[in-house]
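[1] Fold the following, please.
(one chain, ligands or ions: 1)
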Amino acid sequence: MTASTGSDKIRIGVFDSGFGGLTVLRALLPQIPTAEYFYLGDTARLPYGSKSQATVARYAVESAQLLESYGADYLVIACNTASALALDAIRAAAHVPVLGVIETGADSAAAASTTRDVLVLATQATVDSHAYARACATHGLRSIEKACPLLVPLIEEGWIDSPVTRQVLRIYLEQAQAEATSAGMALDTVLLGCTHYPLLRGLLRESLPKDMTILDSAESTAQRVRRQLRSLKSLPEGTTDTGDTNIPVCHFFATDSVDKFRTLGSRFLGRPIEQVELIDLGG
Ligand code: DGL
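    Numbering: from 1, shown residues only. Got it, this is the predicted structure:
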């Protein structure tokens, strides 16, 4: 195991079932460049989105505990499925503050939508939990929650601009639009309720009307982390925690192939990933 470096930097643990949470890490780096980051992708047990609440909670708690054992002072659950199904279990098991991505996603949809009708694309488990419908309703938003179970495997395969993925996406969007029309809803915002889906932003843009806003929770989550750390006095006031030109220190852990993590993860993170440590969390 790589131990924490023992520096006095705030240590932020970021967790996802796979690579998707790297889109959240990508947003965190410029927001809090002075932190040290520990990212875990539970790639051996992915997908979470087709599993039961009990299994997702067990996997997510084990993953969160691993990050804490590396010295994480703060945990970001950069997985919508784990946030929707296991946030309470993770908080109960953790000894540090824990932030999920559902509320922050709903916050950004609330800020963007004019019609107050939002389409949420997510995994089957996230949709079945209706966590997004509840979070959206607190802002007075109506939502169509559309499960897109084929998207995560396609993205994990790297098929992010393949005609197959384009066709699958188009079918999901047509089904969601038909549901919205029959409910008399006027969708103006699409919220990507799975941290893998930002990789499909290009395909989504092609497939959706030009005036439809596409959002994910990465940016709003990163901003919330920064605000919370400030309020916990874990970050200095003023501007010294942004605009830092140093590249933050990131440690990467995966429960399956480190080679795949390096190759595919770099696409999600938007920068090369050099070193990944293989972790065994059991079955
Ligand atoms: N990235 C996860 C999420 O945000 C989904 C991937 C999975 O199904 O494990 O929901």
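
[2] CA only for contacts and neighbour counts going forward, please
    Fine.

[3] Could you verify my assumption that Thr165 touches Trp159?
    Yes: the criterion here is CA atoms under 8 Å, and Thr165 meets it with Trp159 at 6.7 Å.

[4] May I have the phi/psi pair for Leu75?
    Main-chain dihedrals, Leu75, degrees, to the nearest 10: phi -120, psi 130.

[5] who's in contact with it?
    Counting by CA atoms under 8 Å, 6 or more residues apart in numbering, Leu75 touches Ile12, Gly13, Val14, Phe15, Ala64, Leu67, Val96, Pro97, Val98, Leu99.

[6] rerun at 6 Å
    Ile12, Gly13, Val14, Val98 (CA atoms under 6 Å, 6 or more residues apart in numbering).

[7] So which of these reach the ligand?
    Among the contacts of Leu75, no residue sits close to the ligand (CA under 6 Å from any ligand atom).

[8] any chance of those residues in TSV, with distance to Ile144, pLDDT and neighbour count too?
    Formatted as TSV, the contacts of Leu75 follow (distance: CA to CA, whole Å; pLDDT from 0 to 100; neighbours: other CA atoms under 10 Å):
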residue	distance to Ile144	pLDDT	neighbour count
Ile12	33	98	24
Gly13	31	98	28
Val14	28	98	28
Val98	27	98	21
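
[9] Quick check: phi and psi on Ala254?
    Dihedral angles (degrees, to the nearest 10) for Ala254: phi -140, psi 150.

[10] Which pLDDT value belongs to it?
    The per-residue pLDDT reported for Ala254 equals 97.

[11] For it, name its beta-bridge partners.
    Gly41, Leu278 (DSSP bridges).

[12] how about the helices in the protein?
    22-31, 53-69, 80-93, 102-112, 124-129, 131-137, 151-156, 163-182, 201-207, 218-231, 258-269 (DSSP state H).

[13] Using PDB, write down the CA coordinates of the fourth one.
    Taking only C-alpha atoms (Å, rounded to 0.1, in the frame of the first residue of the first chain), the coordinates of helix 102-112 have been written out as PDB:
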ATOM      1  CA  ILE A 102     -27.000  13.900  -6.500                       C
ATOM      2  CA  GLU A 103     -27.800  17.200  -4.700                       C
ATOM      3  CA  THR A 104     -25.100  19.100  -6.500                       C
ATOM      4  CA  GLY A 105     -26.400  17.800  -9.900                       C
ATOM      5  CA  ALA A 106     -29.900  18.900  -9.000                       C
ATOM      6  CA  ASP A 107     -28.600  22.300  -7.900                       C
ATOM      7  CA  SER A 108     -27.100  22.900 -11.300                       C
ATOM      8  CA  ALA A 109     -30.300  21.700 -13.100                       C
ATOM      9  CA  ALA A 110     -32.300  24.100 -10.900                       C
ATOM     10  CA  ALA A 111     -30.000  27.000 -11.900                       C
ATOM     11  CA  ALA A 112     -30.200  26.200 -15.600                       C
END
